[in-house]
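Asker: All I have is the shape, not the residue letters:
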């Protein structure tokens, strides 16, 4: 049996708890230093208009969300410390490969994104390997760090996970800010963000090597819980998805994450191609973790007693409305490129509304994501809660796999229809197609919320 921790109010978190959280901060800083710019970087590198979103959605975000189902089991088998050392070694290599075409291959980033694919097969192989390694390495980190918190927090798991999620968002903000200041230095191009990410991953690697202790050893667990085999995991997927109401919920809940994925797919493309040539998209998307850190406790206190499904529906409505607000700057006299004062900068109006969109999406996330696991737990057959919760990230994975390619194609072939190319290289969108595009995206979010409401009504009748 695993040794139980004492239920004491003055229980102190052991060293592995704190080292795991600091390691998570560096991992999140590494990931978000480059996440907002992946589609822009690939477009400027020469991957054309459509391939950046296809690569970013399924290969990066899809791997990141779906692989923990399997990588978590591997981590249990080899131990968290070995798994984390492997993960950060893989991550550092992945970030290096992403920058290698510029650093070693002689490629130069174009100032604007073009429709034509100009890179050779060597760059294709390098980038695909790099982005898959980033997704794979990241998929090992979260189960290990979350598992460490679970094993070391004792009776204070609520506080332990609150610290863990706060660290995730702090790391997200820090990574974006550091990447912005480094890439803003004279002589650097956008590829430098991958050097920042690689440096953060290497720092995390050595922290694991020197400071991190496997929680089973530190907590003197007498016996490790048996881990599932890969065969059991595959059978578990079929068993969970064979449950009709669970499979239907996974499908309708994926709509939320389809829209969420546009923060890293469609919105960067929109800003880069139509609003400003050198967007601070890393700082713009930092509105997401800042809002979460600032309002998480307040939202939980005010709305925590809402039934989970109602909270998820509210979050999905908010995320749909977040897309609709981008219609407003289209009809201002200067359009989306009109400069306006915002906080400490003068920004194009289109960029200001993108920041507001990201902030609204964060509010939607506070309502929806935090209650997803609770609702899936209530859907699970009695005695199978662990099995079903193990596949709770399926909506996120499906949303990323579909959202990347569809969001990119939708922007390029619908919203950019009849667009006029300006002398500065930016596109001036046709107001009709731009408006319809935002309406369709917003309506998709609202339709997802409605489908969740109908699903819950159907479920109540089944009960």
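Answerer: Received it, and whenever you're ready, just let me know what you need. Not measured: the values here are computed from a predicted model. Numbering: from 1, shown residues only.

Asker: And the pLDDT at residue 346?
Answerer: Looking at residue 346, its pLDDT is 85.

Asker: Does it belong to a helix, a strand or coil?
Answerer: strand (DSSP: H, G, I helix; E, B strand; the rest coil).

Asker: give me the beta-bridge partners of it?
Answerer: Note on residue 346: beta-bridge partners by DSSP bridges are residue 341.

Asker: what's the burial count for it?
Answerer: Neighbour count of residue 346, defined by other Cβ atoms under 10 Å: 8. (Each C-beta comes from the backbone N, C-alpha and C, glycine too.)

Asker: Double-check residue 126 against residue 99; I have them as touching.
Answerer: No. The criterion here is Cβ atoms under 8 Å, and residue 126 misses it with residue 99 at 9.7 Å.

Asker: okay, these two: which has more neighbours?
Answerer: Per other Cβ under 10 Å, whichever of residue 126 and residue 99 has more neighbours is residue 99, with 24 against 19.

Asker: chain center to the helix or strand that one falls within, what's the gap?
Answerer: Applying DSSP states H and E as the criterion places residue 99 in helix 80-103. From the chain centre to the centre of helix 80-103 is a distance of 18 Å (Cα atoms, centre = their mean, to the nearest Å).

Asker: go on, stretch 341-354?
Answerer: 24 Å.

Asker: Tell me the buried residues in it?
Answerer: Of the residues in stretch 341-354, 347-354 count as buried by neighbour count, 16 or more other Cβ atoms under 10 Å.

Asker: and what of stretch 287-307?
Answerer: Neighbour-count burial for stretch 287-307 [16+ other Cβ under 10 Å]: 287-293, 296, 299.

Asker: and if you look at stretch 236-246?
Answerer: 236-237, 239-240, 243, 246.

Asker: Could you single out the nearest of these to residue 119?
Answerer: residue 237 (35.6 Å; Cβ to Cβ).

Asker: distance of the closest one from residue 67?
Answerer: Look at residue 237 and residue 67: by Cβ to Cβ, to the nearest Å, they are 13 Å apart.

Asker: and which of the buried residues of stretch 287-307 is nearest residue 28?
Answerer: For the buried residues of stretch 287-307, the nearest to residue 28 is residue 289 (8.8 Å; Cβ to Cβ).

Asker: quick check: mean pLDDT across the helix or strand encompassing the closest one?
Answerer: Assessed by DSSP H and E, residue 289 sits inside helix 287-303. For helix 287-303, the mean per-residue pLDDT is 88.

Asker: Also stretch 367-386?
Answerer: According to the model, stretch 367-386 has a mean pLDDT of 74.

Asker: for stretch 320-328, same thing?
Answerer: On average, stretch 320-328 scores 95.

Asker: what does stretch 100-112 give?
Answerer: On average, stretch 100-112 scores 90.

Asker: got the end-to-end distance for it?
Answerer: 20 Å (Cα to Cα, to the nearest Å).

Asker: which SS class is the residue nearest to residue 89 when sequence neighbours are not counted?
Answerer: Among residues not flanking residue 89 along the chain, residue 205 sits closest, at 6.2 Å (Cβ to Cβ, 6 or more residues apart in numbering). Following three-state DSSP, residue 205 is assigned to helix.

Asker: my read: residue 205 touches residue 81, true?
Answerer: No. Here residue 205 does not reach residue 81: they are 11.4 Å apart, not a contact under Cβ under 8 Å.

Asker: what's downstream of the host helix or strand of residue 20, the next helix or strand?
Answerer: Using DSSP H and E, residue 20 falls within helix 15-35. Downstream of helix 15-35, the first helix or strand assigned by DSSP H and E is helix 38-45.
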